[in-house]
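In: Everything below, folded, please.
(one chain, ligands or ions: 3)
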Amino acid sequence: MKILTAAQTREADAYTIAHEPISSIDLMERAAGALVQWIEKEYGPEQPWYIFCGPGNNGGDGLAVARLLFQRAYDVQVVLVTEGQNHSPDFQQNLNRLPTEIPVTRTASPDDLPSLLSYAMVLDGLFGSGLSRPLVGLHAQAVQHINNSAATVIAIDLPSGLFADAPTPTDSAVVEADVTLSFERPKLAFLLPESGSFVGKWHVLPIGLHPDFLNKADSPYSLLTPERLKEVLKPRLKFTHKGTYGNALLVGGSYGKIGAITLAAKAALRAGVGLLTVQTPMVGYSILQVAVPEAMALSDAHEQHITAFPEEVNQYQCIGIGPGLGQAADTALALEKLFRQALPPLVLDADALNLLALDRQLLRNLPANSILTPHPKEFERLASPAKHDYHRLQLLKDFCQEHECYVVLKGYHTCIGTPTGECYFNTTGNPGMATGGTGDTLTGILAGLRAQGFSPLDTCLVGVYLHGLAGDLAAEQEGEYALIASDVTQYLGKAFQQLLQ
Ligand SMILES: NC(=O)C1=CN([C@@H]2O[C@H](COP(=O)(O)OP(=O)(O)OC[C@H]3O[C@@H](n4cnc5c(N)ncnc54)[C@H](OP(=O)(O)O)[C@@H]3O)[C@@H](O)[C@H]2O)[C@@H](O)CC1
Ligand SMILES: Nc1ncnc2c1ncn2[C@@H]1O[C@H](COP(=O)(O)OP(=O)(O)O)[C@@H](O)[C@H]1O
Ligand SMILES: [K+]
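Out: Numbering: from 1, shown residues only. Ligands and ions are numbered 1, 2, ... in the order given. Prediction:
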């Protein structure tokens, strides 16, 4: 699902009006209808609803919702915060249509704002995608008033004060929503950590914007949906055997960090790889043989860390390097020597990435189409420090293009950058996964999938989605607090089953 900018959303709106065709006020009525349908499903008419409206079409939506909820016997009050501003035509028309029984507060000063009881519902229709500058004065005071209350806040389209696809100044007032109901598509701001925390839970409400426009809209950003993945992940065929599903090599572990490569190994096997070989330093050999009997073990000549890769690397269909690897000088030398050979596809994580960050020449020799899985700190070391989330996205696109690689930038909405400049945001996963070792399981999954012959892009999309889904299924059973990395691996089978349904 393509993510549109605020400007593209306005174009989609205009295109729909011209080509469906539909009048602007009827499109607003459709949007309000979608909001009301959602509200009716989630909330009964018991609580009082305070509908805050700004001067534009976001406020127009609010007014239309007020009328529709009133018709359904909800207790609604309208709070206008439009003093001294021109009303948009559709706002004005919906103000004219408002039943006279609905109380309307015209806010001229903060004293006019109604007190909001904890059980009240606030519908935030102050500003949407037409926000053109940070909120100040009375608008900022109205936002603070909402934020200071314990009421449940539902934002129409996006929380007021938040820019849809550009950095919001940190000192600007922004509504802290519990729920955001976004029309047709999510906004880029929802997916990034600095802005996403204002959005609460978000849902997309289709309002019938014209498919011709949506299909043709050009955007580098997409949301990862299961539909796209179902085209890629197919059931296994009857006459296949372990040779069909690739031989992956995992290299990593060091004294005190054999667990990391063990976690990756278990996850690679659960991701369906045909054969798995794991190379650790000597200290890891017996541990691995006991912990993962399904894997073949190779021992490095060194007791505590990796000093060389196997001679015959081309018998493997993918090499995953990094979990627990450490940053010893002879490990760096081994990596440098490896990069000078013709290699099968690579998945690089953790200290393999840190070694690349320490040696720019090594980074320049990175084989094309490698998959890198940094968390934001590791990415910063590889690229450069980001001034804000949008800057980091730009750095991600530049890095992937420059090094012809795929970068899985890990986080709540993990973002997969590609050499063509396209970025895919993941929607699965939960804060229970913020625990040591979950990144190692992702490396194992990716190496396991890549060895089975998935393209680098499909490997990233399927692997990241399944990893988060397994985390979600684990959290349903274990809760987020108690979740550990092994649980993610344990629930990987159920995640596969869900995606294959
Ligand atoms: N296609 C769709 O998706 C559909 C979208 N729809 C809805 O329309 C919404 C977009 O509506 P919109 O374009 O009228 O913009 P909106 O956010 O109401 O604000 C504009 C007003 O605010 C003002 N203003 C701006 N910044 C300000 C500031 N900092 N401080 C003070 N004032 C400020 C600005 O005035 P000006 O900048 O000219 O002073 C103008 O008056 C969208 O989010 C969705 O809810 C649906 O109805 C139908 C389908
Ligand atoms: N709040 C969160 N929500 C969703 N996923 C998360 C969250 N925190 C971490 N994760 C996921 O957990 C993994 C953590 O990886 P990483 O930081 O490399 O951990 P480690 O190095 O301990 O294995 C990533 O895949 C990341 O997307
Ligand atoms: K809003």
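In: Just the strands from the stretch 201-350 of the chain, written as ranges.
Out: 201-205, 221-223, 247-251, 275-280, 296-299, 318-321, 346-348 (DSSP state E, counting those that start in this stretch).
In: mean confidence for the second one?
Out: The predicted model assigns strand 221-223 a mean pLDDT of 96.
In: And for the longest one?
Out: Across strand 275-280, pLDDT averages out at 98.
In: List the contacts of it.
Out: Contact partners of strand 275-280, identified using Cβ atoms under 8 Å, 6 or more residues apart in numbering, comprise 242-243, 245-253, 258, 261, 265, 268-269, 287-288, 292, 294-300, 306, 309-310, 316, 448. The way it works is simple: take the backbone N, C-alpha and C, and place the C-beta from them, glycine included.
In: ok, P169 - contacts?
Out: By Cβ under 8 Å, 6+ apart, the residues touching P169 are P134.
In: Next, give phi and psi for the residue of the stretch 351-500 of the chain found nearest ligand 2.
Out: Nearest residue of the stretch 351-500 of the chain to ligand 2 (Cβ to the nearest ligand atom) works out as G439 at 2.2 Å. Here is the backbone geometry of G439 (degrees, to the nearest 10): phi -70, psi -40.
In: Use 80 as the first number for this chain going forward.
Out: Okay, using 80 as the starting number, the last item reads as G518.
In: As a check, name the ranges of all strands in the stretch 130-279 of the chain.
Out: Under the criterion DSSP E, counting those that start in this stretch, the stretch 130-279 of the chain carries strands at the ranges 154-159, 183-185, 200-204, 231-235, 258-262.
In: I'd like the ones you listed laid out as JSON lines, including distance to G353.
Out: JSON lines is the format used below for those (distance: least, Cβ to Cβ, whole Å):
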{"stretch": "strand 154-159", "distance to G353": "61"}
{"stretch": "strand 183-185", "distance to G353": "68"}
{"stretch": "strand 200-204", "distance to G353": "53"}
{"stretch": "strand 231-235", "distance to G353": "49"}
{"stretch": "strand 258-262", "distance to G353": "43"}
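In: Would you tell me which of these gets closest to ligand 1?
Out: strand 258-262 (4.1 Å).
In: Next, the angle from the closest one to strand 280-284.
Out: Using axes from the mean of the first three to the mean of the last three Cα atoms, to 10 degrees, the inter-axis angle of strand 258-262 relative to strand 280-284 is 20 degrees.
In: counting contacts, what elements does strand 258-262 pack onto?
Out: Other helices and strands packing on strand 258-262, by 3 or more Cβ pairs under 8 Å, 6 or more residues apart in numbering; DSSP states H and E, are helix 103-121, strand 231-235, strand 280-284.
In: is it possible to export the ones you listed to a markdown table including mean pLDDT, distance to ligand 2 and mean neighbour count?
Out: A markdown table is the format used below for the helices and strands packed on strand 258-262 (pLDDT from 0 to 100; distance: least, Cβ to the nearest ligand atom, whole Å; neighbours: other Cβ atoms under 10 Å):
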| stretch | mean pLDDT | distance to ligand 2 | mean neighbour count |
| --- | --- | --- | --- |
| helix 103-121 | 98 | 24 | 18 |
| strand 231-235 | 98 | 21 | 27 |
| strand 280-284 | 97 | 14 | 15 |
